[in-house]
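# Quick one, structure for this:
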Amino acid sequence: MHRVIQAVYENGVLRPLEPVTFAENEHVQLLVEDEQAYEAYLVELLGGREAYEAAKHETITHEEVRKALSKDTSSWADTVRQMRDEGY
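Okay, here's the model as predicted:
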């Protein structure tokens, strides 16, 4: 299972910005995305800054996301590897 948790880096420690339900001393894996690099990726993905800014204010339902993702036949692992190799 995976989920996105926003965090801030303070005094050498990543501090979650929302409550987490991990057990004490539980080991987890982190995929860390630089916020600026990720925004640049989204701007490119959406076809420019104007489309990105418009999309930030759209309301999208869970059903719309489910439908959009159901059409994705690509390997998410390959996408993550490619983004990592490109510096995202």
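# would you list every one of the strands in the protein?
Per DSSP state E, the chain carries strands over the ranges 7-10, 13-16.
# Which neighbouring elements make contact with the last one?
Contacts defined by 3 or more CB pairs under 8 Å, 6 or more residues apart in numbering; DSSP states H and E place strand 13-16 against strand 7-10. Bear in mind the C-beta positions are built from the backbone N, C-alpha and C, glycine included.
# in its sheet, what does the strand it packs on sit against?
According to DSSP bridges, strand 7-10 forms sheet pairs with strand 13-16 (antiparallel).
# any idea of the mean pLDDT in the strand it pairs with?
Average pLDDT, strand 13-16: 92.
# neighbouring contacts of it?
5, 6, 7, 8, 9, 30 (CB atoms under 8 Å, 6 or more residues apart in numbering).
# thinking again about what came up before, for residue 87, find the nearest of the strands of the chain.
strand 7-10 (18.8 Å; CB to CB).
# Which residues belonging to the closest one are considered buried?
Across strand 7-10, burial judged by 16 or more other CB atoms under 10 Å covers no residue at all.
# what's the average pLDDT for that strand?
91.
# So which residues make contact with it?
With CB under 8 Å, 6+ apart as the test, strand 7-10 has contacts from 14, 15, 16, 17.
# what would the contacts of strand 13-16 look like in TSV with distance to residue 60?
As requested, the contacts of strand 13-16 are exported to TSV (distance: CB to CB, whole Å):
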residue	distance to residue 60
5	20
6	18
7	24
8	26
9	29
30	26
